[in-house]
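Student: Curious how this folds, go ahead:
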Amino acid sequence: MRRTSITLPQGLVDDLVKVTGGKNKTRAVTAAIEAEIRRRKLENIKRMAGSLEFEIEAGDLRHGDERLR
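Tutor: As a prediction, the model looks like this:
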């Protein structure tokens, strides 16, 4: 883990700790960062919806892999 110093408004940090139920500020900030990363990754995946082309059918993908038999 890396130690980082940042300046945040105290009220914002207090609200974050309450909302996340974190036991301390570090856990609350970590949870918020992880949630934001997850949210943005999901947005990226949603933006790609319908833009990928497959040459194989979904059933073949699900059942065609010999390793899964």
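Student: Now the phi/psi pair for residue 51, please.
Tutor: Main-chain dihedrals, residue 51, degrees, to the nearest 10: phi -100, psi 0.
Student: and it, how many residues sit next to it?
Tutor: Around residue 51 there are 6 other residues, counting by other Cβ atoms under 10 Å. C-beta: built from backbone N, CA, C; applies to glycine.
Student: Quick check: it vs residue 39, distance?
Tutor: Shown here: residue 51 relative to residue 39, a distance of 20 Å by Cβ to Cβ, to the nearest Å.
Student: and residue 40, which of the three is it?
Tutor: The three-state label given to residue 40 by DSSP: H, G, I helix; E, B strand; the rest coil is helix.
Student: now swap in residue 18 and tell me
Tutor: helix.
Student: who does the helix or strand hosting residue 11 touch, helix- and strand-wise?
Tutor: Element membership of residue 11 [criterion: DSSP states H and E] is helix 10-20. Applying 3 or more Cβ pairs under 8 Å, 6 or more residues apart in numbering; DSSP states H and E, we find helix 10-20 packed against helix 25-48.
Student: In terms of secondary structure, what does the helix it packs on contact?
Tutor: Short answer (3+ Cβ pairs under 8 Å, 6+ apart): helix 25-48 packs on helix 10-20.
Student: Count the neighbours of residue 58 for me.
Tutor: Other residues lying near residue 58 total 8 when counted by other Cβ under 10 Å.
Student: distance of the spatially most central residue of the chain from residue 20?
Tutor: In the chain, the residue lying closest to the centroid (Cα atoms, centre = their mean) is residue 38, at 1.4 Å. Distance of residue 38 to residue 20, computed by Cβ to Cβ: 14 Å.
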